[in-house]
Structures are given as C-alpha cells and as structure tokens.
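K.L.:
can you look at this prediction? I've put the sequence above it.
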Amino acid sequence: MKNEKWIRSGILTLAMFLNLATVKAQQAGFTLKEAVDYAIKHNLNVKSTQLDAITAESRIGEVRAAGLPQVSANFNLSDNVIIQRVFLPANAFGDPNVPADAPPVAVQFGVKYSGSASATLNQLIFSGSYFIGLRAAATYRELAQKNVTQSRVSVAEAVTKAYYSAQVSEERAKVLDLNISRVDSLRRETKAMNESGFVELLDVNRLEVQINNLVTERQKVQNLIELSYTLLKYQMGMSLDEPITLTDKVDDLNIETLRADFADYKVNYNSRIEYSLLDTQLKLAGLDLKNVRSGYLPTLSASYGYGHNNGRNTLPDLFGTRWFNNSVLAINLNIPIFDGFTKRYQVQQKKTALDKVKLNQNLLEQSIDLESRQAAINIKNAFATLETQTRNVDLAKEVVRVSKIKYKEGVGSNIEVINAESAFKEAQTNYFSALYDLLIAKVDLSKAKGELYTDTQN
C-alpha cells in the first residue's frame with residue numbers, strides 16, 4: 001500500500017508540475033525561427049560584434065579625417081623673469097675709444113613680457129598612403145559587417161540545436177508519462193488478480209519495480225528538459241528566470257520532405273560566411289601591400305599661418321599697445337630617397353601575409369569539403385537509423401500487446417510482459433535518440449552548405 005501511494009503521489013506531482021510549467025510558459029511562445037530572430041537581437045556575442053562594427057565606422061572616419069583641413073590656434077604669454085644675456089665683443093659697435101683687449105659686453109636682448117596669438121591651416125594635397133586608406137575603408141566596413149554575420153550564424157546554430165534538444169526531451173517525457181500510466185494500469189489489474197488468488201504477489205512487486213524505474217527516469221528527463229530550456233534561453237540572450245514555451249512540434253516534422261530538401265549535398269564556397277570573410281581579408285591584405293609600396297611616392301602638403309605678437313616690459317603696455325601681424329605660407333614636398341631598405345622588407349612581409357591568406361583560403365575549401373561530406377554521411381545514417389528505430393518501436397509495441405493478452409489468458413508469464421515493456425521503452429528511447437541525431441545532422445548540413453542563416457532572414 002505504501003509503494004502504491006508513493007507511485008500515485010509521484011505521478012500526480014509530476015503531472016501537476018508539468019501543467020504548472022505549461023501555464024507559465026504560455027507567457028512567451030516561440031517557433032524555431034522566432035527563437036533565432038530573438039537571439040539575433042539579444043545575444044551578447046552578436047551585440048559585441050555589432051559594437052566592433054560601430055568602432056570600425058569610427059576608424060574609417062578617422063582615416064578620412066586625415067585628408068581634411070587641419071586648423072589649430074595658439075596663444076602664448078611669457079614672463080621673462082630673468083632675461084638671458086648675450087655676450088658681444090667690446091668693440092661690436094665700432095667705437096674707436098674701446099680698447100682692443102676690452103672684455104666682452106653682456107647685453108640683454110628681449111623684454112620682460114611677450115605674447116603671441118596665431119592660427120595655422122594645414123592641408124594634405126597628395127599622399128599615396130591616404131588614398132589607399134580611403135580604398136581600404138569600404139573593405140574594412142565590409143569585414144566588420146561580415147564578422148557580425150558570422151556571429152549571427154554561430155548563434156543561429158546554437159539556438160537551433162538547443163531548441164531541438166528541448167523538443168525531443170519533451171517528447172520523451174510525454175512517452176514516459178504514457179508508459180507510467182500503462183504499466184500502472186497493468187499493475188492495478190495484476191494486484192486485483194493477486195487479491196483474487198490468480199497470480200502471485202511477486203508479479204505485482206515486479207511491476208512496482210518497473211514503475212519505480214520509469215518514475216525515476218521521468219524525473220531525469222524532466223531535469224534534462226529544464227537544462228535544455230536554460231541552455232536555449234542562454235543562447236537566445238533571454239533572462240534565465242523568464243518562462244518560455246516552444247510552439248513548433250516534432251510531430252510536424254515531415255521526414256520525406258526533409259529527405260528531399262537534403263538530397264543535394266553540393267556546397268558553394270561563396271555561400272559560407274567564413275569563406276566570404278577570407279575574401280575580404282584577401283582584399284585588405286592586397287591593399288596593405290599597396291599601402292607600403294605607396295611609401296616610395298612623394299607626399300605634398302600646404303600650410304598657412306597668421307598671427308599677432310607683441311613685447312613690452314610691463315603688462316599694461318603689452319596689452320595696451322599695438323600688436324604686430326605676421327603670416328606665412330608654406331608648400332611642403334617630401335621625397336623619399338633611401339630608408340635603409342625598410343620598405344623593401346615591409347613589402348616582403350606584406351607579400352607573405354597575402355600568400356598566407358590565400359593558403360588559408362585553400363585550407364578552408366578543403367575543410368568545407370570535408371565538413372559537408374561528413375554532414376552528408378551523418379544525415380544519411382540518421383535517416384536510416386530513424387527508419388530502423390521507427391520499425392522497432394512498432395514491433396516492440398506489438399510485442400507488448402501480445403504479451404499482455406497471453407498473460408491475461410494464462411498462457412504467458414509476468415516476466416514476458418515486463419521484458420516486453422522494457423524493450424518497448426528502450427525502442428522508444430532509441431527512436432528519440434535517432435530523431436535528435438537526425439535534427440542535429442540537418443543543422444550541421446545546413447551550416448556546411450551556408451544555408452543555416454542569412455542576413456536576409458532578419
């Protein structure tokens with residue numbers, strides 16, 4: 001009686017827990033696409049790359065600013081506390097009365113207070129590095145945007161896998177609930193037969209053990225569901241305390257449609273964001289090489305300055321008398337002649353960096369080929385395994401049905417029923433494992449083909 005009460009209490013508690021969780025979760029329902037879209041907007045990794053893109057825009061503006069007019073102003077006020085003396089020959093002014101061997105004369109040149117105010121305009125006219133930098137600005141922006149896209153693809157993959165994990169775990173829980181209910185019903189029937197003297201108490205105890213094991217496994221699956229939801233909310237950038245429910249159903253999955261969708265395993269390299277990123281890096285490496293080579297070209301700039309200055313022995317005189325104007329216009333031409341082969345070695349380094357990007361591109365092509373073939377094989381195996389496990393579930397279900405009939409008619413044993421139930425549960429577990437493997441293989445193949453997520457989806 002105690003075991004029976006414990007079993008019924010456990011089943012009731014689980015049911016109440018699940019119903020309560022369902023009511024709360026209805027506050028936020030997500031399809032798979034909605035979950036991915038939510039993650040794209042709220043995931044912290046995506047936000048981090050978006051901040052990098054904003055920083056990139058600022059750096060692009062910094063490069064452009066170097067070619068705009070540069071204006072500066074300066075004001076200076078000096079108090080020559082002790083005016084420095086300059087030593088002149090005693091006969092510096094040609095006085096014939098001064099002896100030839102007279103000592104030098106210490107003369108003060110300057111006044112106690114001096115001030116100046118000026119403004120300068122500088123303009124770059126020609127610089128090879130500047131024009132290369134302007135060309136690289138657009139490419140740098142492209143690189144930053146592609147980094148954002150790459151983070152979105154990674155988030156979409158993580159969210160999709162977490163979503164499928166939660167879905168499959170919930171389906172397993174539903175099946176376990178049905179198994180618990182079915183075995184509990186059989187236990188009650190067997191107990192009634194025991195009380196009537198038709199079966200032994202041992203048969204009832206065996207079924208109670210079976211139910212205990214199912215209830216324990218059901219609790220483990222419930223813990224797995226909670227973990228799957230926690231992981232999903234983490235990947236989505238959602239508060240872990242916020243309730244969520246999944247509106248897509250595994251039952252809606254059409255295996256034949258899925259098989260048709262993934263019949264073509266060919267991969268276009270350009271559809272992979274990683275390959276597109278290397279293309280952009282290749283452009284930047286080429287521009288980096290041109291930038292170093294442009295160092296052999298002369299640079300031309302112009303500047304114009306205008307100001308006022310004055311000097312007096314008292315401050316009132318400094319500001320009360322006329323200040324004198326000054327102005328200067330300069331053209332600066334810098335022609336590099338010899339730098340000790342510095343740029344020569346820099347060019348060699350940039351060429352090596354360019355070759356390395358090309359090598360990485362070839363390596364990525366091989367990696368994509370391998371990844372796509374592995375994903376194709378995995379999804380083929382997943383389809384075959386799922387078909388096998390589906391048949392096994394149907395067969396195990398039929399075995400359970402027949403064994404129960406035989407047991408009730410007295411031509412079968414309780415052990416046969418328990419073994420059939422165990423085999424049925426194992427077949428169901430294997431089925432959901434195969435289903436999960438298929439869903440993950442689908443995600444991996446979609447990613448390999450570059451079709452998992454594109455910015456046009458957002």
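P.N.:
Perfect, thanks for sending it. Residues are numbered from 1 along each chain as shown.
K.L.:
farthest residue from the center of the protein?
P.N.:
Computed with Cα atoms, centre = their mean, the maximum C-alpha offset from the centroid of the chain is found at residue 97, amounting to 90.3 Å.
K.L.:
how far away is the nearest residue to residue 170 once chain neighbours are set aside from residue 377?
P.N.:
Nearest residue to residue 170, sequence neighbours excluded (Cβ to Cβ, 6 or more residues apart in numbering): residue 225, at 5.9 Å. For the C-beta atoms, the positions are set from N, CA and C on the backbone; glycine is no exception. Using Cβ to Cβ, to the nearest Å, residue 225 is found at 30 Å from residue 377.
K.L.:
who's more crowded, the two?
P.N.:
Shown here are residue 225 and residue 377; by other Cβ atoms under 10 Å, residue 225 has more neighbours (20 against 13).
K.L.:
list the contacts of that one.
P.N.:
166, 169-170, 173 (Cβ atoms under 8 Å, 6 or more residues apart in numbering).
K.L.:
which SSE is the residue nearest to the spatial centre of the chain in?
P.N.:
Nearest to the geometric centre of the chain sits residue 151, at 3.2 Å (Cα atoms, centre = their mean). In this assignment (DSSP states H and E), residue 151 forms part of helix 128-195.
K.L.:
ok, residue 291 next?
P.N.:
Assigned by DSSP H and E, residue 291 belongs to helix 273-293.
K.L.:
by contact count, what packs against the helix or strand following that helix?
P.N.:
Using DSSP H and E, the helix or strand that follows helix 273-293 in sequence is strand 299-312. With contacts defined as 3 or more Cβ pairs under 8 Å, 6 or more residues apart in numbering; DSSP states H and E, the packing partners of strand 299-312 are strand 113-126, helix 315-320, strand 324-334.
K.L.:
go again using 6 Å as the cut-off
P.N.:
Of the remaining helices and strands, those touching strand 299-312 by 3 or more Cβ pairs under 6 Å, 6 or more residues apart in numbering; DSSP states H and E are strand 113-126, strand 324-334.
K.L.:
of those strands, which is nearest residue 158?
P.N.:
For the helices and strands packed on strand 299-312, proximity to residue 158 was assessed by Cβ to Cβ; strand 113-126 is nearest, at 47.2 Å.
K.L.:
off-centre distance for the closest one?
P.N.:
Distance of strand 113-126 from its chain centroid, counting by Cα atoms, centre = their mean, to the nearest Å, is 47 Å.
K.L.:
what packs against that strand?
P.N.:
On a contact count with 3+ Cβ pairs under 6 Å, 6+ apart, strand 113-126 meets strand 70-79, strand 299-312, helix 315-320.
K.L.:
pick the most buried one from the ones you listed.
P.N.:
Most buried of the helices and strands packed on strand 113-126, by mean neighbour count (mean count of other Cβ atoms under 10 Å): strand 299-312, with a mean of 16.
K.L.:
which pLDDT value goes with residue 129?
P.N.:
At residue 129, the predicted lDDT confidence score is 90.
K.L.:
so how far is residue 56 from it?
P.N.:
Distance from residue 129 to residue 56, by Cβ to Cβ: 19 Å.
K.L.:
quick check: buried residues in the helix holding residue 291?
P.N.:
Using 16 or more other Cβ atoms under 10 Å as the test for burial, helix 273-293 gives 273-278, 280-293.
K.L.:
so in terms of bridging, what pairs with the residue nearest to residue 127 when sequence neighbours are not counted?
P.N.:
Leaving aside its sequence neighbours, residue 127 sits nearest to residue 299 (Cβ to Cβ, 6+ apart; 4.6 Å). Residues in a beta bridge with residue 299, per DSSP bridges, are residue 334.
K.L.:
one step back: helix or strand: which one has the residue nearest to residue 170?
P.N.:
helix 201-236.
K.L.:
got the angle for that helix vs helix 128-195?
P.N.:
For helix 201-236 against helix 128-195, the angle by axes from the mean of the first three to the mean of the last three Cα atoms, to 10 degrees is 160 degrees.
K.L.:
how far does helix 201-236 sit from the chain's center?
P.N.:
Here helix 201-236 shows a centroid-to-chain-centroid distance of 34 Å under the convention Cα atoms, centre = their mean.
K.L.:
what sits up against stretch 379-389?
P.N.:
Stretch 379-389 is contacted from outside by 262, 430-431, 434, 437-438, 441, 445, using Cβ atoms under 6 Å, 6 or more residues apart in numbering.
K.L.:
might one say that residue 272 is in contact with residue 451?
P.N.:
No - the criterion here is Cβ atoms under 6 Å, and residue 272 misses it with residue 451 at 9.8 Å.
K.L.:
who has more neighbours out of these two?
P.N.:
More crowded of residue 272 and residue 451, by other Cβ under 10 Å: residue 272, with 24 against 15.
K.L.:
for residue 453, what are phi and psi?
P.N.:
Note on residue 453: backbone dihedrals following degrees, to the nearest 10 are phi -160, psi 140.
K.L.:
ok, it - how many residues close by?
P.N.:
With other Cβ under 10 Å as criterion, residue 453 counts 23.
K.L.:
ok, now how distant is it from residue 368?
P.N.:
Per Cβ to Cβ, residue 453 is found 16 Å from residue 368.
K.L.:
helix, strand or coil for the residue farthest from the centre of the chain?
P.N.:
What DSSP: H, G, I helix; E, B strand; the rest coil gives for residue 97 is coil.
K.L.:
residues contacting it?
P.N.:
Residue 97 touches nothing, counting by Cβ under 6 Å, 6+ apart.
K.L.:
gap between it and residue 90?
P.N.:
Applying Cβ to Cβ, the value for residue 97 to residue 90 is 11 Å.
K.L.:
tell me if residue 350 really is in a strand.
P.N.:
No - counting by three-state DSSP, residue 350 is not part of a strand but helix.
K.L.:
what's around it, how many residues?
P.N.:
Neighbours around residue 350, by other Cβ under 10 Å: 20.
K.L.:
likewise residue 336?
P.N.:
Neighbour count of residue 336, defined by other Cβ under 10 Å: 12.
K.L.:
tally of neighbours for the closest residue to residue 443 other than its chain neighbours?
P.N.:
When the adjacent residues along the chain are set aside, residue 443 lies closest to residue 160, with 5.2 Å between them (Cβ to Cβ, 6+ apart). Residue 160 is flanked by 25 other residues according to other Cβ under 10 Å.
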